[in-house]
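Novice: With the sequence up front, the predicted model follows.
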Amino acid sequence: MRIPGLTRLRRLLKPTPPAGPPPELTDQLRREIRQSFDEASANEDDFPSTIDPRIQHVQVLLRYFAPLTGKRLLDVGSGKGRYARVILEQNPQARITALDISEQMLRCVQPGINKISGIMTEIPFANESFDCVYATESLEHAVDAGQAIAEMCRVLRPGGKLAIIDKNAEKWGRLKTNSWERWFDRREIENLLARHCRTVRSEPISYWEDVTPDGLFLVWFAEK
Ligand SMILES: C[S@@+](CC[C@H](N)C(=O)[O-])C[C@H]1O[C@@H](n2cnc3c(N)ncnc32)[C@H](O)[C@@H]1O
């Protein structure tokens, strides 16, 4: 049954993502973000240090970056390095670096993975230092996503591959968010990537292979 005005009412009640230009990543905001994740590092339930390798978020990275032997990878906003852990387990010859704003998160990154504290809008590596770069649920905290993407692309070598997994602005309101957090429109990130990369594509992604994506998570793939 169609109820007149219901669609409009739903639209009015739906939480809207923050509009307008991103706030500035001031020193104070950096401190706030770092402190928030330093504290969150004690919460293993919400910020786990491992991930089931069957989860599609890991599988798409493994497939996209293969073969990984001898490759240099950068995990941007790595947290405790749960993705890096699985990638290294399955590719012991890969050379992985975990970058995170939170030193407490980095403490949980397993041995065998390089660790560096820093922010993704000023990545502390020379141009073209990596073959593969990925960011999983971290770009949403960058504050300036355009600058973070420019930095990820700068440290990627020509022909290198970049993958970003993050949340869809259309689903804003589904989960609790921090004040600085942003979710993304599919085309917005594609356009930012296209400034630096030859090929760009994106698709919805679910956790499990046999479950249809519900639209919360998107993955963007780009080749420089
Ligand atoms: C939701 S966690 C995701 C961690 C990891 N990528 C994963 O999927 O398990 C977000 C991570 O991004 C880091 N982060 C937030 N803002 C950052 C920034 N500007 N530069 C680098 N890392 C940042 C946080 O410290 C946190 O570890």
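Specialist: Done, it's in.
Novice: for residue 33, what are its contacts?
Specialist: By CB atoms under 8 Å, 6 or more residues apart in numbering, the contact set of residue 33 is 101, 141, 143, 178, 180. The C-beta positions use only the backbone N, C-alpha and C, and glycine is treated the same way.
Novice: Can you tell me the closest non-neighbouring residue to the residue in the chain that the ligand sits nearest to?
Specialist: Distances between the chain and the ligand by CB to the nearest ligand atom are smallest at residue 79, namely 2.7 Å. Distance criterion CB to CB, 6 or more residues apart in numbering; nearest residue to residue 79, sequence neighbours excluded, is residue 105 at 4.9 Å.
Novice: from what I can see residue 113 touches residue 95, true?
Specialist: No: with contact defined as CB atoms under 8 Å, residue 113 does not count as touching residue 95 (9.1 Å).
Novice: Can I get the helix or strand hosting residue 30 in PDB? Just the C-alpha atoms.
Specialist: Assessed by DSSP states H and E, residue 30 sits inside helix 27-40. Presented in PDB, the C-alpha positions along helix 27-40 are these (Å, rounded to 0.1, in the frame of the first residue of the first chain):
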ATOM      1  CA  ASP A  27      46.600  21.100  16.000                       C
ATOM      2  CA  GLN A  28      43.800  20.900  18.600                       C
ATOM      3  CA  LEU A  29      41.600  18.700  16.400                       C
ATOM      4  CA  ARG A  30      44.600  16.400  15.700                       C
ATOM      5  CA  ARG A  31      45.200  16.100  19.400                       C
ATOM      6  CA  GLU A  32      41.600  15.300  20.000                       C
ATOM      7  CA  ILE A  33      41.500  12.600  17.300                       C
ATOM      8  CA  ARG A  34      44.800  11.100  18.500                       C
ATOM      9  CA  GLN A  35      43.600  11.100  22.100                       C
ATOM     10  CA  SER A  36      40.300   9.600  21.100                       C
ATOM     11  CA  PHE A  37      41.900   6.700  19.300                       C
ATOM     12  CA  ASP A  38      44.600   6.200  22.000                       C
ATOM     13  CA  GLU A  39      41.800   5.700  24.400                       C
ATOM     14  CA  ALA A  40      39.800   3.500  22.000                       C
END
